[in-house]
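Novice: Sequence plus predicted model, see below.
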There are 2 protein chains.
Amino acid sequence: MINQKMRELGARRSVIRELFEYGKKRKAEIGAENVYDFSLGNPSVPAPDSVNENLVKLIKEESSILLHGYTSAQGDAGVRAAIADYINKTQGENVTADCLYMTVGAAAALTISLTALTTPGAEVIVPAPYFPEYKVFIERCGAVIREVMCDSDFQLDISAIEEAINEKTAAIIINSPNNPTGAVFTEENITALSALLKKKEEELGTTIYIIADEPYRELVYDGVKVPYLTKYYDNTIVCYSYSKSLSLPGERIGYVLVSPRCLDFVSVYQAVCGAGRALGFVCAPSLLQKLLPLCLGEVSDVSIYDRNRKLLIDTFTKYGLETVKPDGAFYLFIKSPSGDATEFCERAKKHEILIVPSDDFGAPGYARLSYCVKTEEIERALPAFRALAESYK
Amino acid sequence: MINQKMRELGARRSVIRELFEYGKKRKAEIGAENVYDFSLGNPSVPAPDSVNENLVKLIKEESSILLHGYTSAQGDAGVRAAIADYINKTQGENVTADCLYMTVGAAAALTISLTALTTPGAEVIVPAPYFPEYKVFIERCGAVIREVMCDSDFQLDISAIEEAINEKTAAIIINSPNNPTGAVFTEENITALSALLKKKEEELGTTIYIIADEPYRELVYDGVKVPYLTKYYDNTIVCYSYSKSLSLPGERIGYVLVSPRCLDFVSVYQAVCGAGRALGFVCAPSLLQKLLPLCLGEVSDVSIYDRNRKLLIDTFTKYGLETVKPDGAFYLFIKSPSGDATEFCERAKKHEILIVPSDDFGAPGYARLSYCVKTEEIERALPAFRALAESYK
């Protein structure tokens, strides 16, 4: 009588999680310092000092009943107003508190948005490679995932997306900076996507939403600009989380922003509120909500990730390993010298290196390396990578 | 193209929320001190001191990366072990960390359990009166709610439940202490329910789960005992939250406990994990999880609620208003002198009293008064209640 789909989701570990468990076992066998684990995207940079200082300040100074009490379901009005102001200031937008719905992190923002924007049988386009949980979230709604491979530079392939759109297309998920490639979709690329979606909406007489999944927005390098999607396309929902920017992944705080220029904005925002309610999200954690106005604009020290990124690209180039240069996030996509992702990652394992095959992200032929680790850990792993690279020569 | 069911859920405020909004407006018109608002179940007693002390201690002493990092999806292993120990010590149970799945409060525990235990078309029995969101949570799963009225003492009506059970029955939600009546189902009542469910499982060849929704477990009066349902019935899932016991409703921390004696325990626990994953719960808020082992057994000062309860019952009896004496929670069910719940609550409004008609809880003829307020607020309202009672004479 139990739900077998849910049992399977709970029983079947993701490849990333399998690798992580293998790593734990292997570390126990040969010592943690001899296993080079680049499997997980868990930030290694601590939260900015102001995060913990302000948490203590709130706990000591605020009324316990107010601080830990229910906020309204969509989140504290003052918190939402402060975030709206910040978005307006930094992105030149014109949103209000009533465009925002606070969530328990980006995963909740995505499940709420997908539940609000789809009905069973609807299709959601996902440019590949992509974060594997998208498939779980989409299918739980009774909707259908349509994977569309990116082009060879890991930018959106506009004509392939055009082919995938039909009258059932409800949304497209845009994840930039991207997990697993680190790619940032350029302004030109986003402008082309926007033009395509508008054309298709007119042709089909439907509405197609962009769901912008942006937990890595602040983690960019060399001054790269990440286009703010509401500025390019009206039917946009932004899913944001402070997990990476404030290094608080376990605290689960983020938001859904419904663009004020969405067609039938009120209904879309109501559907977001209704989906949050139906999925069991009463209000996002209150203490963490109230922290946000005190930390807007703060970002964890990205220079450490940047140093890791440069070290890896430079060294791998010397070793003859081909990589996709990431403009953001903390993932490096490495091309399998054999062309086979699983073969590459299995061979890496023999050198005690843990990296994730790209097939799990809906793309063949690469491995994802998470470089949100201490630089020393990368330095320690370099001889193993050199041996891995040489094994292909 | 958006999901209209979700839009309706977001657009249609609950009666409780409508009343709360009316109260806000009315307070602005005639002054907050002249409106007697007993509509919401927001605890008025602050969290025990140890909660805020331990939060500060954790923030100051723990590594920021570990404290705010991802825990495993089912929750930190050490936290779950500590909670399992506490349950075993206080309830004479024999559960382990691996029976527990940490959640973002009781609402999430319920949506996760219902998603795990039902398939579309399954039926879930809900003794009435009941917390109205149960209907939302059940219907979002594609399952069907079967309301079964309690008996005249607001205990479970075993023969009515028997009539409602059929081969589609997946679960029954037991909420004790009860919202909105404050009733605690007696050991005799629970034993009879358990015997009925076992008999029906055999007859029908199906499995019927008890989902025990227990956020009010610690809020009981006069030493009343709340039977721990896993001790009476093997196929039991407990949904718990620290919202009321630690006065932390906004922080959203609780758990699902799958009884280790559940038929096919491993599959049920996996389905819970899978449901959590599919609904977008990555891990429960990390800081709050880590607080729990430091505060197990702590309870907010219930004596204030008990004082309110006694004052209300004694005074209302004098006024000729009939009440259901609550053994737990912080709600008082008042019988409408006219027999009509809405008429009673509308007439109360004319006396500036805000109480919720019982129809919204699936039962006719009563009003729910939330007495989780300051005692002075009750004392201030008594003349208005007297006038209300006298208006029926």
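Specialist: Great, that's in hand.
Novice: Buried ones in stretch A:18-31, by neighbour count?
Specialist: A:19-20, A:23, A:26-27 (16 or more other C-beta atoms under 10 Å in any protein chain shown). Where you see a C-beta, it was placed from the backbone N, CA and C, and this is true even at glycine.
Novice: sorry, that was for stretch A:294-302
Specialist: Buried residues in stretch A:294-302, counted by 16+ other C-beta under 10 Å: A:295, A:298-300, A:302.
Novice: what comes into contact with it?
Specialist: Identification of contacts with stretch A:294-302 by C-beta atoms under 8 Å, 6 or more residues apart in numbering or on different chains yields A:43, A:45-48, A:50-51, A:54, A:57-58, A:82-83, A:86, A:90, A:218-221, A:244-247.
Novice: Residue A:389: neighbour count?
Specialist: Residue A:389 is flanked by 18 other residues according to other C-beta atoms under 10 Å in any protein chain shown.
Novice: who's in contact with residue A:139?
Specialist: A:145, B:278.
Novice: Try it again at 7 Å.
Specialist: residue A:145 (C-beta atoms under 7 Å, 6 or more residues apart in numbering or on different chains).
Novice: what separates stretch A:188-195 from the chain centre, distance-wise?
Specialist: Taking C-alpha atoms, centre = their mean, to the nearest Å, the mean C-alpha location of stretch A:188-195 is offset from the chain mean by 20 Å.
Novice: Of all the residues in that stretch, which ones are buried?
Specialist: Across stretch A:188-195, burial judged by 16+ other C-beta under 10 Å covers A:189-190, A:192-194.
Novice: Ok, stretch A:350-364 next?
Specialist: By neighbour count on 16+ other C-beta under 10 Å, the buried set for stretch A:350-364 is A:351-364.
Novice: Put the alpha carbons of that stretch into CSV.
Specialist: This file holds the C-alpha atoms of stretch A:350-364, laid out as CSV (Å, rounded to 0.1, in the frame of the first residue of the first chain):
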residue,chain,number,x,y,z
LYS,A,350,42.0,3.4,-8.6
HIS,A,351,44.1,6.6,-7.9
GLU,A,352,41.9,7.3,-4.9
ILE,A,353,40.3,10.3,-6.6
LEU,A,354,36.6,10.7,-6.2
ILE,A,355,34.9,12.6,-9.1
VAL,A,356,31.3,12.2,-10.4
PRO,A,357,30.6,10.8,-13.9
SER,A,358,28.6,13.3,-16.1
ASP,A,359,26.0,10.7,-17.2
ASP,A,360,24.3,11.4,-13.9
PHE,A,361,23.9,15.0,-15.0
GLY,A,362,22.4,14.0,-18.3
ALA,A,363,25.5,14.5,-20.4
PRO,A,364,28.1,12.0,-21.6
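Novice: could you pull out the helices for the stretch 1-150 of chain A?
Specialist: For the stretch 1-150 of chain A, applying DSSP state H, counting those that start in this stretch gives helices covering A:4-11, A:15-30, A:49-61, A:64-67, A:77-91, A:105-117, A:133-140.
Novice: Can you tell me which of those helices is packed in deepest?
Specialist: Mean neighbour count (mean count of other C-beta atoms under 10 Å in any protein chain shown) peaks for helix A:105-117 among those, with a mean of 29.
Novice: Contacts for it next, please.
Specialist: The contact list for helix A:105-117 (C-beta under 7 Å, 6+ apart) reads A:103, A:124, A:133, A:137-138, A:141, A:143, A:170-171, A:209, A:211, A:213, A:215, A:237, A:239-241, A:243, A:252-256, A:268, A:271-272, A:275-276, A:278-279, A:281, B:2-3, B:6, B:279-280, B:282.
Novice: Need the pLDDT of residue A:43.
Specialist: In the prediction, the pLDDT value recorded for residue A:43 is 86.
Novice: Burial check on it, number of neighbours?
Specialist: So residue A:43, with other C-beta under 10 Å, has 25 neighbours.
Novice: Compute the distance between residue A:344 and residue A:76, please.
Specialist: To residue A:76, residue A:344 is 48 Å away according to C-beta to C-beta, to the nearest Å.
Novice: actually residue A:328, sorry about that
Specialist: 30 Å.
Novice: who in the stretch 201-350 of chain A is up against chain B?
Specialist: A:206-207, A:247-252, A:267-268, A:270-275, A:277-280, A:282-283, A:285-288 (C-beta under 7 Å from any C-beta of the partner chain).
Novice: mind redoing it with 6 Å?
Specialist: A:206-207, A:248-252, A:267-268, A:270-271, A:273-275, A:277-280, A:282-283, A:285-286 (C-beta under 6 Å from any C-beta of the partner chain).
Novice: Chain A: strands as residue ranges?
Specialist: A:36-37, A:100-103, A:123-128, A:144-149, A:169-175, A:209-213, A:236-241, A:254-258, A:323-324, A:331-335, A:353-354, A:356-357, A:366-370 (DSSP state E).
Novice: Take those strands and lay them out in a markdown table including mean pLDDT and distance to residue B:262.
Specialist: What follows is the strands of chain A, written out as a markdown table (pLDDT from 0 to 100; distance: least, C-beta to C-beta, whole Å):
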| stretch | mean pLDDT | distance to residue B:262 |
| --- | --- | --- |
| strand A:36-37 | 95 | 35 |
| strand A:100-103 | 98 | 31 |
| strand A:123-128 | 98 | 35 |
| strand A:144-149 | 98 | 32 |
| strand A:169-175 | 98 | 36 |
| strand A:209-213 | 98 | 36 |
| strand A:236-241 | 98 | 34 |
| strand A:254-258 | 98 | 34 |
| strand A:323-324 | 96 | 47 |
| strand A:331-335 | 97 | 39 |
| strand A:353-354 | 96 | 35 |
| strand A:356-357 | 96 | 34 |
| strand A:366-370 | 97 | 37 |
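Novice: for the stretch 101-250 of chain A, which spans come out with low pLDDT?
Specialist: Applying pLDDT under 70 to the stretch 101-250 of chain A flags no residue at all.
Novice: Contacting chain B as well, which ones from the buried residues of stretch A:350-364?
Specialist: Counting by C-beta under 6 Å from any C-beta, no member of these is near chain B.
Novice: quick one: which two of these are the most distant?
Specialist: Farthest-apart pair in these is A:352 and A:362; separation 27.2 Å (C-beta to C-beta).
Novice: do you know how far residue A:155 is from residue A:222?
Specialist: According to C-beta to C-beta, residue A:155 stands 17 Å off from residue A:222.
Novice: how about residue A:10, what does it touch?
Specialist: Neighbouring residues of residue A:10 by C-beta atoms under 6 Å, 6 or more residues apart in numbering or on different chains: B:270-271, B:273-274.
Novice: so what's residue A:183 up against?
Specialist: Going by C-beta under 6 Å, 6+ apart, residue A:183 touches residue A:154.
Novice: I should have written residue A:163 there, sorry.
Specialist: So residue A:163 contacts nothing (C-beta under 6 Å, 6+ apart).
Novice: quick one: it from residue A:194, how far?
Specialist: Applying C-beta to C-beta to residue A:163 and residue A:194 gives a distance of 18 Å.
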